[in-house]
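Participant: Build the 3D model from these lines:
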Amino acid sequence: MSLYEMLQKKVDELSEAVIEAQDKAKKAVAYVNEIETKLSTYQSALEAEMRDRGMLHAVVTKLPENGPRGAKTDFIKKVIQKAENGVTPGEIKEELKKAGIKVHPNYTYAVLIRAKGKGEIIEKNGRYFPKPLT
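Facilitator: A predicted model of the protein is given here:
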């Protein structure tokens, strides 16, 4: 086997491995989203029950510090989705802190820049909003 053939074989093998890994990652993200949706539903029901019982403290979900890839980004996007009047980076950082999620000081800005660049969110006067439905 020539060097060229050996290198071509390795490139082909690793290309297939990347595709398999990407497929597994997509399935894992879908599963995480499914579980988070269920969690959110149960949290809402629990919070309603707590209000009915006069319990004032909120239920806080904590994501693992080194949770699934994208979990922290998804958390930030959910904060933006829930904010009726938009949200500032500082308010997002406060929500992360309340949830016990530790991130690098620039992480929030990096997520906002990426999401804005992809057209997922919009910025007006320093506040971030979900992209309006068209």
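Participant: Excluding its own residues, what touches the helix or strand hosting A110? List them.
Facilitator: Element membership for A110 (DSSP states H and E) is helix 107-117. With Cβ atoms under 8 Å, 6 or more residues apart in numbering as the test, helix 107-117 has contacts from 72-73, 76-77, 80, 89, 92-93, 96, 121-123, 128. To be clear about C-beta, it is placed using only N, CA and C from the backbone, and glycine gets the same treatment.
Participant: got the buried residues for it?
Facilitator: For helix 107-117, the neighbour count (16 or more other Cβ atoms under 10 Å) marks Y107, T108, V111, L112, A115 as buried.
Participant: could you dump these to a markdown table with pLDDT?
Facilitator: Below are these laid out as a markdown table (pLDDT from 0 to 100):
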| residue | pLDDT |
| --- | --- |
| Y107 | 90 |
| T108 | 93 |
| V111 | 93 |
| L112 | 94 |
| A115 | 91 |
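Participant: I'd like those written out as TSV, with distance to V32 added.
Facilitator: Below are these laid out as TSV (distance: Cβ to Cβ, whole Å):
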residue	distance to V32
Y107	18
T108	20
V111	17
L112	21
A115	18
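Participant: residue contacts, the residue nearest to the spatial centre of the chain?
Facilitator: In the chain, the centroid-proximal residue (Cα atoms, centre = their mean) is D74; its distance is 1.4 Å. D74 sits next to V32, N33, E36 when contact means Cβ under 8 Å, 6+ apart.
Participant: Likewise for V103?
Facilitator: Per Cβ under 8 Å, 6+ apart, neighbours of V103: K72, L96.
Participant: That one in helix, strand or coil?
Facilitator: Assigned by DSSP: H, G, I helix; E, B strand; the rest coil, the conformation of V103 is coil.
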